[in-house]
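# Okay, predicted coordinates and the sequence, questions at the end:
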Amino acid sequence: MEGMRCSPACSAVVTHRRRSLGDDFFSRRGRLRQMKVSASANANSVADSTKLVTFLGKGGSGRSTAAALAAQYYASEGLRTCLVVHSQDPTPNFLMGCEIGTSPVTCNKNLVAVRLETTKLLLEPLNQVKKADTRVNLSQGVLEGVVGEELGVLPGMDSIFSALEIEKLTNSLGRKRKDPGQTYDVVVYDGTSTEETLRMIGAAERARWYLKHIRNMAEKTDIGRLTAPSVLKLITESMGSSGVSIDGKTSTEIWDNIEQNLQKASAFFTDPSRFRSFLVVDPRSQLSISSGLRYWGCAIQAGARISGVFGFSSGAKVPEQFSPLAFAVLPYSFGESTVEWDKMVSALSDEAKSILDWSQFGSAQPLVRFDGSKRTVTLFMPGFDKSQIKLFQYRGGTELLVEAGDQRRVIQLPSGLQGKVAGAKFENASLVVTLR
């Protein structure tokens, strides 16, 4: 990356968390079967252990098929599994052999499936806001005239509402559930597209950025000080069903509570003991492989790790191109009418089971490395080259803002490394940034 300037033109990708980014997230957690929870276990502890699995890849690579196979595999291991479909594609109906609707339907032993429809998901939060508005009287009754069934879906709503629904299913915030009996060991999410899934993964972290600026405006402007208390009360009252109470709380405490919830949701996707994301590629197609590599980098930008790569055929170059990720071939033997899942699951290779097992957390490749002696920050950025990465600095050199793959990430620099960028180069799928 010689000659790359470090102003609004250098670049980088990364993961920024308040925990040390150099931490090794790949410690062993025990075998998959240890996830089983006895029927008499406390419902909240069951909810707290719920895992989320998703698949990323180019359209036509087999994402939905891989998701269905993974759901069948986890269910066969005795784990209560829920396959969540967020699209109108009828393929999952064929794969699962059942009509998937907006209420959970049993498809196999230990396995249910449900389809998310954003138009219907709009209704519940709107009703909650209406009830809260009745108590705080912010809209003076105007909201009561809004009929939820009249509202349509706007661009971007799919990611927002899928994130809210996934939070309910996984209980990533540890809130009290309306229906403690409806809990799962594993939730397998098959999203509308890889791009929308990545938006969902990064939604909480991005929301924290907005919250910081909105809070600053609310606390330091006349209109903010005037309107913020009522708006905050409406928002918090709308969340009242989760057990949140604002009695006796100051605006500062309410802001802090919202910040903490967003931080919890964001941390969920960086925790390999709770969230797993896999790539699916067609080894026969270089375009599919290139897309997989790019999505690998985009997932890192969104704040998630990739735990392995799957394909429905072998490819000699795939393991090398995706190294150090593990690669496995999935069985594909569908008939014309029904899928024989028992045979499919039995045909899973040891390599595939090893990748799916929760004792394996993917490559130990650190996403960010800080070197105080060399004053460098090394950012692992597979799927990108130097022309696709931009690096910016603001706030006196205390952080790096990395733009790549239509995603932006903020990297907080350790106190001993804070300073202006002196140079950057790209090598071994990583951007090495030198600081003054």
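Sure, I can see it. Numbers count the residues shown, from 1 in each chain.
# so where is the chain shaky, pLDDT-wise?
Residue ranges of the chain with pLDDT under 70: 1-48, 176-181, 237-248, 333-337, 359-365.
# all helices of it, in order?
Here the chain has its helices, by DSSP state H, at 43-48, 63-76, 91-96, 118-121, 123-136, 157-170, 194-220, 222-238, 251-268, 286-302, 318-321, 341-346, 350-356.
# Compare the ones you listed and give me the one nearest Gln388.
Between Gln388 and the helices of the chain, the shortest gap by C-beta to C-beta is with helix 286-302, which sits at 8.8 Å. (Glycine included, C-beta is placed from N, CA and C.)
# Could you export that closest one as CSV, CA atoms only?
What follows is helix 286-302, C-alpha atoms only, in CSV (Å, rounded to 0.1, in the frame of the first residue of the first chain):
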residue,chain,number,x,y,z
GLN,A,286,-14.9,-17.8,-9.0
LEU,A,287,-17.6,-15.1,-8.7
SER,A,288,-19.2,-16.9,-5.7
ILE,A,289,-15.7,-17.3,-4.1
SER,A,290,-14.9,-13.6,-4.6
SER,A,291,-18.2,-12.7,-3.1
GLY,A,292,-17.5,-14.9,-0.1
LEU,A,293,-14.2,-13.2,0.4
ARG,A,294,-15.8,-9.8,0.3
TYR,A,295,-18.5,-10.8,2.7
TRP,A,296,-15.9,-12.1,5.1
GLY,A,297,-14.3,-8.6,5.2
CYS,A,298,-17.8,-7.0,5.4
ALA,A,299,-18.7,-9.2,8.4
ILE,A,300,-15.6,-8.0,10.2
GLN,A,301,-16.6,-4.4,9.4
ALA,A,302,-20.0,-5.1,10.8
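# what angle separates that helix from helix 194-220?
With axes from the mean of the first three to the mean of the last three C-alpha atoms, to 10 degrees defining the directions, helix 286-302 sits at 20 degrees from helix 194-220.
# what helices or strands is helix 286-302 leaning on?
Helices and strands touching helix 286-302, by 3 or more C-beta pairs under 8 Å, 6 or more residues apart in numbering; DSSP states H and E, are strand 51-56, helix 194-220, strand 275-280, helix 318-321, strand 399-404, strand 407-412.
# repeat that with 10 Å
Packing partners of helix 286-302 (3 or more C-beta pairs under 10 Å, 6 or more residues apart in numbering; DSSP states H and E): strand 51-56, helix 194-220, strand 275-280, strand 309-311, helix 318-321, strand 376-380, strand 399-404, strand 407-412.
# For those, could you give me JSON lines that also reports mean neighbour count and distance to Leu287?
Below are these laid out as JSON lines (neighbours: other C-beta atoms under 10 Å; distance: least, C-beta to C-beta, whole Å):
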{"stretch": "strand 51-56", "mean neighbour count": "24", "distance to Leu287": "15"}
{"stretch": "helix 194-220", "mean neighbour count": "18", "distance to Leu287": "14"}
{"stretch": "strand 275-280", "mean neighbour count": "25", "distance to Leu287": "14"}
{"stretch": "strand 309-311", "mean neighbour count": "27", "distance to Leu287": "14"}
{"stretch": "helix 318-321", "mean neighbour count": "16", "distance to Leu287": "13"}
{"stretch": "strand 376-380", "mean neighbour count": "22", "distance to Leu287": "23"}
{"stretch": "strand 399-404", "mean neighbour count": "22", "distance to Leu287": "20"}
{"stretch": "strand 407-412", "mean neighbour count": "18", "distance to Leu287": "21"}
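# got the ones you listed as a markdown table, with distance to Arg294 columns?
Formatted as a markdown table, these follow (distance: least, C-beta to C-beta, whole Å):
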| stretch | distance to Arg294 |
| --- | --- |
| strand 51-56 | 10 |
| helix 194-220 | 10 |
| strand 275-280 | 10 |
| strand 309-311 | 13 |
| helix 318-321 | 12 |
| strand 376-380 | 14 |
| strand 399-404 | 10 |
| strand 407-412 | 11 |
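# Which among those is found nearest to Asp342?
Nearest to Asp342 among those is strand 309-311; the distance by C-beta to C-beta comes to 19.8 Å.
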